[in-house]
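Colleague: Sharing a model prediction with you, sequence too.
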Amino acid sequence: MSPTILLTQLLPLVVFLVVDAFVEDVRISIFCAVVFAAGQLVFTWRRDRRVDWFVLLDVALIGGLGLVSIASHDELMFRLKPAILEGVAVLFLLGLGLAPEGFLQGYLGRMMPAGALFPEALPRLRRLLMGMGLLVALHAAVVVFCALYASRRTWALVSGPGFYLLFAPFLVAGLVRFLRARRRV
């Protein structure tokens, strides 16, 4: 997932929280997040002249689950949206991690600047994809728990910035390894 897609997912949540801070009716907060997400989709389509399917899925989930939450007067469905989208991402990551070598090279090779993925990198890449899949699955489980049992603010912290905080220790460890390897050269 690109940083743009992750930011696109986070912004409707921010809109929800800002509106929710000023309005007592959660349905208005959800409605504002749904409208904002739809506006994001229109904006990205006008800018890029194409639809990113992951963003479209995100907007469809925000809209569908948001409208169900408004109609039922229960915000649970809206709160489960991040976990559902992350479930899709987990299936994608694990599918790539378990994919045949030829498929993985062809799929990821298109995204490489040189157009080729070195076969020696595949075992490490598979471990990375599987590890990311497990971390995203862990985060989705925590989001579901918070959606069911935690306050709205705790859920928002876990489902938004909590996703990035989950990866922070791994990013720091990778940066330390990179700097150590660079010093040795």
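Modeller: Perfect, I can see it now. Numbering: from 1, shown residues only.
Colleague: Which element is encountered next along the chain beyond the helix or strand harbouring residue 140?
Modeller: According to DSSP states H and E, residue 140 maps onto helix 122-149. Following helix 122-149 in sequence order, the next helix or strand is helix 152-159 (DSSP H and E).
Colleague: Contacts for that next one next, please.
Modeller: The contact list for helix 152-159, computed with Cβ atoms under 8 Å, 6 or more residues apart in numbering, reads 13, 16-17, 20, 26, 75, 79, 82-83, 142-143, 146-147, 150. (Glycine included, C-beta is placed from N, CA and C.)
Colleague: still on that earlier bit, which helices and strands sit right next to the helix holding residue 140?
Modeller: Contacting helix 122-149 under the criterion 3 or more Cβ pairs under 8 Å, 6 or more residues apart in numbering; DSSP states H and E are the following elements: helix 76-98, helix 101-109, helix 152-159, helix 161-184.
Colleague: Between helix 76-98 and the helix or strand residue 58 falls within, find me the angle.
Modeller: Taking DSSP H and E as the definition, residue 58 sits inside helix 53-72. Angle, helix 53-72 to helix 76-98, by axes from the mean of the first three to the mean of the last three Cα atoms, to 10 degrees: 160 degrees.
Colleague: May I have helix 53-72 as PDB, with CA atoms only?
Modeller: The C-alpha coordinates for helix 53-72 follow below in PDB (Å, rounded to 0.1, in the frame of the first residue of the first chain):
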ATOM      1  CA  TRP A  53      -9.400   0.300  -6.900                       C
ATOM      2  CA  PHE A  54      -8.200   0.200  -3.300                       C
ATOM      3  CA  VAL A  55      -9.400   3.800  -2.800                       C
ATOM      4  CA  LEU A  56     -12.700   2.900  -4.500                       C
ATOM      5  CA  LEU A  57     -13.100   0.000  -2.100                       C
ATOM      6  CA  ASP A  58     -12.300   2.200   0.800                       C
ATOM      7  CA  VAL A  59     -14.800   4.800  -0.200                       C
ATOM      8  CA  ALA A  60     -17.500   2.200  -0.900                       C
ATOM      9  CA  LEU A  61     -16.900   0.700   2.600                       C
ATOM     10  CA  ILE A  62     -17.000   4.200   4.200                       C
ATOM     11  CA  GLY A  63     -20.200   5.000   2.300                       C
ATOM     12  CA  GLY A  64     -21.900   1.700   2.800                       C
ATOM     13  CA  LEU A  65     -21.000   1.100   6.400                       C
ATOM     14  CA  GLY A  66     -21.500   4.700   7.200                       C
ATOM     15  CA  LEU A  67     -25.000   4.700   5.800                       C
ATOM     16  CA  VAL A  68     -25.900   1.500   7.600                       C
ATOM     17  CA  SER A  69     -24.600   3.100  10.800                       C
ATOM     18  CA  ILE A  70     -26.700   6.200  10.200                       C
ATOM     19  CA  ALA A  71     -29.800   4.200   9.400                       C
ATOM     20  CA  SER A  72     -29.400   1.900  12.300                       C
END
